[in-house]
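Sequence and predicted structure below; questions after.
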Amino acid sequence: MKNPPSSEGPALPRSDVQLGQLLLHAGKLSEKDIEAIGVKQREDGLRFGEAALRLGLISEDDLRQALARQFAHPCLPDSDTSVDAELIAAFCPPGPEGEALRDLRSILMLRWFDGHRRLLALTSGRPGEGCGRLAANLAVAFSQLGERTLLIDTNLREPELHRLFKLRGDPGLSGVLAGRHSPEKATSGIPALGDLSVLPAGAPPPNPQELLSRASFIRLLDAAAEQYDIVLLNTPPALESADARIVATRAAGCIIVVRRDATRLGDAAALTDQLSGAGVEVLGAVLTS
């Protein structure tokens, strides 16, 4: 698609031309549609995407997908079923929840992942407080920045990340720590989401605390820190077992996940004291709903 000067107005900005080409190549617009959008832009002083939406030529999802490709920002269409719908970050949603995830990502990039640190644990006090969901969405958000991101499910008691990413539950971390599988065999790349890899928990073992205490876990994390820019560790509820404290100690830093109208203030305080007493830097708490 060319961008010649027009007698009806100035040529379209380069970014609009690129966006138009992406929508044209995706079969969402025709050359005639693009001409009509240009007229609408000049008449009403609109951006290309806004003009296309006003004319009813594309949907919000079409525009999101084109913008994601334009800025090399991995984003799934609303109709995609390759991952669970709870992974809202994968669909690049507008609105408060998507913005909150991106804000949290920015804060962590400034406060924690600003140099040599690569590992961060996420934990909650009790089950059902949204820790796994937040860890998964945050991992997607980091990968969308182009960061090589690894998400590890260390919740060996009630794993959930394999469900969110629609992966096989085994092989996983438990098999790696038991020496049955290599990390490479147990880790799955998520091609549709850029530089994201997931190491699921694997088959629930009878001795999760002992597995997480092994030197093989330390070696795994050391290798991951060399290979990836961001390594997020989802843990089991910290007030239910010592597993989370072991994992958070290995990571050195931790975020506490609390749930609106569910988490007790006493539980959050006890968890903070427990982790701080183990030498873990508690970066703060994130409220989920």
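Here it is on my side, so go on. Numbers count the residues shown, from 1 in each chain.

And the helices in the protein?
In the chain, the segments counted as helices under DSSP state H are 14-25, 31-44, 48-54, 60-70, 96-111, 131-143, 161-164, 173-177, 183-186, 208-212, 215-227, 243-251, 265-277.

which residues does residue 99 contact?
Counting by C-beta atoms under 8 Å, 6 or more residues apart in numbering, residue 99 touches no other residue. Where you see a C-beta, it was placed from the backbone N, CA and C, and this is true even at glycine.

wait, residue 198
139, 150, 151, 152, 153, 161, 162, 165, 167, 187, 188, 190 are the contacts of residue 198 under C-beta under 8 Å, 6+ apart.

try it again with 7 Å
Applying C-beta atoms under 7 Å, 6 or more residues apart in numbering to residue 198 gives the contacts 151, 161, 165, 167, 187, 188, 190.

and residue 184, how many neighbours does it have?
Counted with other C-beta atoms under 10 Å, residues neighbouring residue 184 total 7.

buried set for stretch 85-104?
By neighbour count on 16 or more other C-beta atoms under 10 Å, the buried set for stretch 85-104 is 87, 88, 89, 90, 91, 92, 98, 101, 104.

And the residues you listed, which two are furthest apart?
Within these, two members stand farthest from each other by C-beta to C-beta: 91 and 104, at 17.3 Å.

Let me see the contact set for residue 212.
By C-beta under 7 Å, 6+ apart, the contact set of residue 212 is 154, 243, 246, 247.

Quick check: the third one touching residue 213?
Okay, so that is residue 246. Yes - using C-beta atoms under 7 Å, residue 246 is in contact with residue 213, at 6.0 Å.

Those two - which one has more neighbours?
A side-by-side neighbour count of residue 246 and residue 213, using other C-beta under 10 Å, places residue 246 first with 19 against 16.

For residue 111, see how far away that one is.
Separation of residue 246 from residue 111 (C-beta to C-beta, to the nearest Å): 24 Å.

likewise residue 185?
Distance from residue 185 to residue 111, by C-beta to C-beta: 34 Å.

and what of residue 63?
33 Å.

the more surrounded of these two?
Between residue 63 and residue 111, counted using other C-beta under 10 Å, residue 63 has the larger neighbour count: 18 against 13.
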